[in-house]
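In: With the sequence up front, the predicted model follows.
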Amino acid sequence: MPTWQSHRSCKSSKNARWRRKPRPRYPGVFVPVTDIFETPEALTVVLEMPGVDRNSIEASVENDVVTIEGRIDSTKYEGMRPVYTEYNVGHYARSFEISDKVDRSKISAEMKDGVVTIVLPKAEQSKPRKIQVS
Amino acid sequence: MVELPGIDKNDLEIEAKENTIRIRGRKTIAYGEQASVHRRERISGVFDRTLSVPIRIEPGGIKAEYRNGVLALFIPRAEADKPRSIKVN
C-alpha cells in the first residue's frame, strides 16, 4: 500500500564518525530513525529521538502531511567540555505524507525512553473486509 | 553519555573496572504478529561496548541515569588517582 512517502531527505549526519569536517555541536535538525508498520486497524510510526523530553515533542497534521518535531534542551550541555564525541546533539524533525485512508481525528502519539510512537487509525471504509462468495 | 533509545532499564548492564566501563544490553522491537512493515530503520538486538576513560575510576561512586533514551554515567576519579600536594621541607 503506497500510503507513505518520506517527505524530507537526510539533512545532516547524526553519526559524527562519518563526518569529514568538524562542525559545531548544535548544527541543525536531524532526521530521526523511523519504523513504519501496518496492521489491519492502523498504521504505526515509531521515531527515535534520544534526549527529547515528552513536553518538547510537537506533532501536527496539515493537509496530508504529518510532521513530528522534537526539541533538545541544550542547556544540559552548557559548561561541559567534550573529551570525546561520536554523535551530534540537535533537534529532530520528519514529515510524512498520508493518504485519505487515515482517520485524522483519531491520531494519537506517545513518548517513552526517547521513542515516539504515533498511531494513525484507518478510516472505517478502508479497513480490510472479507467478501462473502455466494 | 550514550544514546540508547527505547531500551528497558532492566535490560541494561553496566560494569566498571580500573579505567574501563562496559555497557551491554538488549534492545527489542516488537511489531506484532499481524503487522506488515513498510519501513525499518531502527536497529535492535544485543549490544556490548567497553569504553576506556583516561582516569582511574571509583566504581562505588558511579551514578547511572537513563532518561529520554540517553544513558548518562557520572564517573568519579579514584582517590588514589587524585593529585596530592607535597610539602617542601
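Out: Received it, and whenever you're ready, just let me know what you need. Keep in mind that this is a model prediction, so the values were computed, not measured.
In: Taking chain A, what residue is nearest to chain B?
Out: Checking chain A residue by residue against chain B with C-beta to the nearest C-beta singles out A:Gly114 as nearest, at 1.9 Å. Placement of C-beta: from N, CA and C, glycine included.
In: Hmm, that residue is touching A:Val52, no?
Out: Yes. Taking C-beta atoms under 8 Å as the contact criterion, A:Gly114 and A:Val52 are neighbours in contact, 6.4 Å apart.
In: one step back: which residue comes closest to the residue of chain A closest to chain B once chain neighbours are left out?
Out: Residue nearest to A:Gly114 in three dimensions, not counting chain neighbours: B:Gly69, with 1.9 Å by C-beta to C-beta, 6 or more residues apart in numbering or on different chains.
In: mind listing what the one you found touches?
Out: Neighbour list for B:Gly69: A:48-52, A:113-115, B:3-7 [criterion: C-beta atoms under 8 Å, 6 or more residues apart in numbering or on different chains].
In: Of all pairs in those, which one spans the longest distance?
Out: Based on C-beta to C-beta, the longest span within these runs between A:Val52 and B:Ile7 and measures 15.3 Å.
In: With neighbour numbers in mind, choose between these two.
Out: In this comparison of A:Val52 against B:Ile7, neighbours counted by other C-beta atoms under 10 Å in any protein chain shown, the higher total goes to A:Val52 at 26 against 20.
In: The more buried one and A:Lys112, how far apart?
Out: For A:Val52, the distance to A:Lys112 (C-beta to C-beta, to the nearest Å) stands at 11 Å.
In: what bridges to the most centrally placed residue in chain A?
Out: Here the mean C-alpha position of chain A is nearest to the C-alpha of A:Leu47 (C-alpha atoms, centre = their mean), at a distance of 4.0 Å. Beta bridges link A:Leu47 to A:Thr34, A:Val116 when assigned by DSSP bridges.
In: mind checking the backbone torsions on the residue in chain B positioned nearest to chain A?
Out: Chain A sits closest to B:Gly69 of chain B, with a gap of 1.9 Å, by C-beta to the nearest C-beta. Taking degrees, to the nearest 10, you get phi 80, psi 10 for the backbone angles of B:Gly69.
In: can you check A:Ser74 too?
Out: Dihedral angles (degrees, to the nearest 10) for A:Ser74: phi -80, psi -10.
In: How about A:Tyr87?
Out: The phi and psi torsions at A:Tyr87 (degrees, to the nearest 10) take the values phi -140, psi 160.
In: so it bridges to which residues?
Out: Going by DSSP bridges, A:Tyr87 is paired in beta bridges with A:Asn15.
In: how about CSV for the contacts of B:Gly69, with pLDDT, secondary structure and distance to B:Arg22 added?
Out: CSV is the format used below for those (pLDDT from 0 to 100; DSSP: H, G, I helix; E, B strand; the rest coil; distance: C-beta to C-beta, whole Å):
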residue, pLDDT, secondary structure, distance to B:Arg22
A:Glu48, 95, strand, 23
A:Met49, 95, coil, 26
A:Pro50, 93, coil, 20
A:Gly51, 92, coil, 23
A:Val52, 93, strand, 27
A:Asp113, 93, coil, 21
A:Gly114, 93, coil, 22
A:Val115, 95, strand, 24
B:Glu3, 90, strand, 17
B:Leu4, 91, coil, 14
B:Pro5, 92, coil, 20
B:Gly6, 90, coil, 21
B:Ile7, 91, coil, 16
